[in-house]
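A.B. asks: quick one, what's the 3D model for this:
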Amino acid sequence: CPPSGAMAAATSCRCAALGGWAAGRGAAAAARWRRLLLPPDGCGLRLAPARDATGEAGPGRTVTVEVGGRKMELSSGKLARFADGSAVVQLGDTAVMVTAVSKTKPSASQFMPLVVDYRQKAAAAGRIPTNYLRRELGSTDKEILTSRVIDRSIRPLFPAGYFYDTQILCNLLAVDGVNDPDILAINGASAALALSDIPWNGPVGAVRVGLVDGETIINPTRKQLSSSALNLVVAGAPQNQVVMLEATAENILQQDFCHAIKVGVKHTQQIIQGIQQLVKERGVVKRTVQKLFVAPEEIVEYTKKLASNKIYAVFTDSSHDKISRDEAINKIRLETEEQLKEKFPEAEPYEIMESFNVVSKDIFRNLTLNEYRRCDGRDLTCLRDIKCEVSMFKMLHGSALFQRGQTQVLCTVTFDSIESSVKSDVISTAVSGIKDKNFMLHYEFPPYATNEVGKVTGMNRRELGHGALAERALKPIIPQDFPFTIRVTSEVLESNGSSSMASACGGSLALMDAGVPVTSAVAGVAIGLITK
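C.D. replies: Residues are numbered from 1 along each chain as shown. As a prediction, the model looks like this:
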């Protein structure tokens, strides 16, 4: 088919350039390149129709959804057809392909073995990697953080007990420097899972919400986001349910934040409807798995008879701390499991373990919902005892120790010249537009913080994610014209929950101890929701 418009111009330009290069290398080379570049029907592109996995011609399916006044395309059936599910999501000239594959045989793991990998290929930005191999190597911080956002958006919707190895791969195909690809990757993962036969209670839809001059903007461009007081990512499920939130803000009002969430959830429903339409057109039928690793009701009921009173006694004894409570519960667990093995000799190990977990969770939930108190005696809104110290070490630019209950974090601040700022690689710069940053927070969680033994290696995904969370909390209070690079370190010395928010509190103290002219203090808390 002959090319037209911009495609024809681009094709002619490339042909002319390559033809001129060949002409300079002799008549034979020029003739050979003319045969390659100019087929008998002219310098046109021959587009073969897409074929499905059986080899039959099929153009695939495409659904266009209008989100925030712009069109987002969701397509499937053309690329990566051997995967259980695949989808391509495009907004503007930014496109992301996502594939989903899940094994049909159960994993040996006693948890949901889900792996999400998001990769930004250099070719997507029209670049060549700058490392000595000139190819993509390990994952960048941006790729890991985006992978974690996708994971949090889809993991809650897998069936309970689905312990089958599942892999979600997100491949950035093209980026236009205007539209961020992370939102497209979340929607692509949702579409790929929904279009596959993998059991999954989706789909979800995701949008980014900005706030510019008091006006909410859905999926703001990079330029709009640079002047936005809010950067909110919302992943919503059908019936206006919220699955995942991630945000950073410039001291906006609570009502503006709540309004942004409502607007974001409303627009996610349009994406969900588009995915559902695509699923309907494709006629997707979910597979029947061998088994779901859930606790049998018979064993659960017998576990209640054996252990309910003992577990309740431990959970209502406020004299326990983290260590003693864990030891008491583990002692009850071992005794109960031995009795269950005698009563149900043919039961699988996971059935016995999960039965005890189900009973423990029910008792804890009922304690919260019915008696309105927690296992350490506090009510539902009471904070743990807080202790703070600053100027821990005179040789440091700034330091602070933050203690909340049995969570203890040591934070330090170090200054250096502006040349010590973190330089982004060319691909991250092309995708996000950020060339460097002069404020960073690094979070460490050594094994001794939870009385464990483990390898002390490089930073893992969890540490990177928690550090980024605390960094987003503190960055808005740093003056933009501060003439130094600031590095905040947060080392968790003891952990009994919410160490990332303790890092935000300790980091705020350390910054003030170092003399940074912050605009305000920052405090963070973790909030859970238990429903009937």
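
A.B. asks: what about the strands in the stretch 301-450 of the chain?
C.D. replies: Per DSSP state E, counting those that start in this stretch, the stretch 301-450 of the chain carries strands over the ranges 386-390, 398-404, 407-416, 422-423, 436-437, 439-444.

A.B. asks: would CSV of these with mean pLDDT and distance to S355 be doable?
C.D. replies: For the C-beta atoms, the positions are set from N, CA and C on the backbone; glycine is no exception. Output for the strands of the stretch 301-450 of the chain, formatted as CSV (pLDDT from 0 to 100; distance: least, CB to CB, whole Å):
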stretch, mean pLDDT, distance to S355
strand 386-390, 96, 38
strand 398-404, 97, 34
strand 407-416, 97, 31
strand 422-423, 82, 49
strand 436-437, 84, 49
strand 439-444, 95, 36
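
A.B. asks: tell me which of those strands sits most buried.
C.D. replies: Counting by mean count of other CB atoms under 10 Å, strand 398-404 has the highest mean neighbour count of the strands of the stretch 301-450 of the chain, with a mean of 23.

A.B. asks: for Q273, give me its contacts.
C.D. replies: Listed by CB atoms under 8 Å, 6 or more residues apart in numbering, the contact set of Q273 reads V65.

A.B. asks: now do the buried residues in the helix or strand hosting it.
C.D. replies: Q273 is part of helix 254-282 when elements are defined by DSSP states H and E. Buried residues in helix 254-282, counted by 16 or more other CB atoms under 10 Å: 257, 260-261, 263-265, 267-268, 270-272, 274-275, 278-279, 282.

A.B. asks: where in the stretch 251-400 of the chain is pLDDT low?
C.D. replies: By pLDDT under 70, the stretch 251-400 of the chain has no low-scoring segment.

A.B. asks: which residues of it fall in helices?
C.D. replies: In the stretch 251-400 of the chain, the segments counted as helices under DSSP state H, counting those that start in this stretch are 254-282, 297-315, 322-343, 349-371.

A.B. asks: mind putting those into CSV with distance to K103?
C.D. replies: Formatted as CSV, the entries for those read as follows, by distance: least, CB to CB, whole Å:
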stretch, distance to K103
helix 254-282, 22
helix 297-315, 27
helix 322-343, 29
helix 349-371, 17
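
A.B. asks: nearest approach to G236 belongs to which of the strands of the stretch 301-450 of the chain?
C.D. replies: strand 439-444 (28.6 Å; CB to CB).

A.B. asks: now the helix or strand that comes right after that closest one, how far from the centre of its chain.
C.D. replies: Later in the chain than strand 439-444, the nearest helix or strand by DSSP H and E is helix 461-474. The chain centre lies 12 Å from the centre of helix 461-474; the measure is CA atoms, centre = their mean, to the nearest Å.

A.B. asks: any idea which helix or strand comes after helix 461-474?
C.D. replies: Using DSSP H and E, the helix or strand that follows helix 461-474 towards the C-terminus is strand 485-494.

A.B. asks: who's in contact with that next one?
C.D. replies: 403, 406-421, 438-446, 449, 467, 470-471, 474, 478, 499, 502-503, 506-507, 510-511, 516.

A.B. asks: again, only using 7 Å
C.D. replies: Strand 485-494 has contacts (CB atoms under 7 Å, 6 or more residues apart in numbering) with 406-418, 420-421, 438-445, 449, 470, 474, 478, 499, 503, 506-507, 510-511, 516.
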